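>>> Dropping a prediction and its sequence here:
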Amino acid sequence: MPPVVKHLGGCAPAVADIHDQWRRKKFLLQSKFCYPGLDGRVRSWLVASNENPADGPLKLGCRLCLKLLGPAAAVKSRTLAAFPTASPEMLRVHKLMRHEQQKQHLKAVEMLTGDGGCAPFAPSKEAFKKVWSDVRRRNQDADFKEKERIISWCLAESIRHFQRQHLKKSTCISLSQDASQTRQLIRFASVDDKFECITGVLGPVKNVNTTSSV
Ligand SMILES: [Zn+2]
């Protein structure tokens, strides 16, 4: 038997097994690992994707940690926030209890649900201004901790949102490219019908085969 066929023969039942195990344990686990929502309803933080085996490998994760970190940071986190491919080990209660006691998860519960009698909160305007100032001055001494990193991510996302909204209504856009070896940076200037102009960066592109700049 060819090696690939032999591998698929052993692999397919394993995929079906984990889906089957999840189906059997889902209610129990989701009832145990939950959090109080702001609307008073209790929900489980443990959620799955690809519950239908035809959609691919089952993935399990924590919706609160994903929301706290954001998709980009969650992928690098190596926690349930990254929604890794499920394994029988991940369905064990003590494993999930360990995640529930992690600092990151507790913070997510506190920040996103207001659990424990705390009202949901956001950092003060002063905290946002301080991080913005450090970012603008490229303050190398600024030792960004987790909270400051989240604030800087929020600021970056809000700027991107503002730029996208402006680009949607722009009447004229110019692009300029800075290329260096295999890297390329694309900047833009956008003007709307009220002559409001903004400039920004569309993004860097790697592995571009060009040495010219426009
Ligand atoms: Zn979590």
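Alright, I've got the coordinates.

>>> Show me the domain layout of this protein.
Structural domains annotated on the chain: 3-117, 122-168, 170-214, as defined by automatic domain parsing.

>>> Which one, of those domains, ends up nearest to the ion?
Closest to the ion of these, according to CB to the ion: domain 3-117, at 3.1 Å. Just so you know, the C-beta spots here come from the backbone N, C-alpha and C atoms, and that holds for glycine as well.

>>> does any bit of the closest one sit next to the ion?
Yes: Domain 3-117 reaches the ion (CB under 5 Å from the ion) through 62, 64-65, 105.

>>> most surrounded residue in these?
Among the residues of domain 3-117 next to the ion, the one with the most neighbours (other CB atoms under 10 Å) is Cys62, at 29 neighbours.

>>> you'd agree that one is up against Leu80?
Yes: if you go by CB atoms under 8 Å, Cys62 and Leu80 touch, sitting 4.0 Å apart.

>>> Would you mind pulling the contact partners of the helix or strand harbouring Gln184?
If you go by DSSP states H and E, Gln184 is part of strand 183-192. The contact list for strand 183-192, computed with CB atoms under 8 Å, 6 or more residues apart in numbering, reads 163, 166-167, 169-179, 197-206, 208, 210.

>>> same check, this time on stretch 95-110
Contacts of stretch 95-110 (CB under 8 Å, 6+ apart): 29, 32-33, 35, 45-46, 62, 64-65, 67-69, 77, 79-81, 89-90, 115-116, 118.

>>> could you flag which of those are buried?
The neighbour-count test (16 or more other CB atoms under 10 Å) marks 29, 33, 35, 45-46, 62, 64-65, 68-69, 79-81, 90, 115 as buried among the contacts of stretch 95-110.

>>> which two in the residues you listed are spaced the farthest apart?
Farthest pair in those (CB to CB) is Met90 and Asp115. Separation: 23.6 Å.

>>> hmm, back to that, which residues are in contact with each of Cys62 and Leu80?
In contact with both Cys62 and Leu80: 46, 99, using CB under 8 Å, 6+ apart.

>>> in the sheet, who's paired with Ser176?
Arg187 (DSSP bridges).

>>> How many residues are close by it?
When neighbours are counted by other CB under 10 Å, Ser176 registers 12.

>>> Go ahead and flag the most central residue of this protein.
In the chain, the centroid-proximal residue (CA atoms, centre = their mean) is Pro71; its distance is 1.2 Å.
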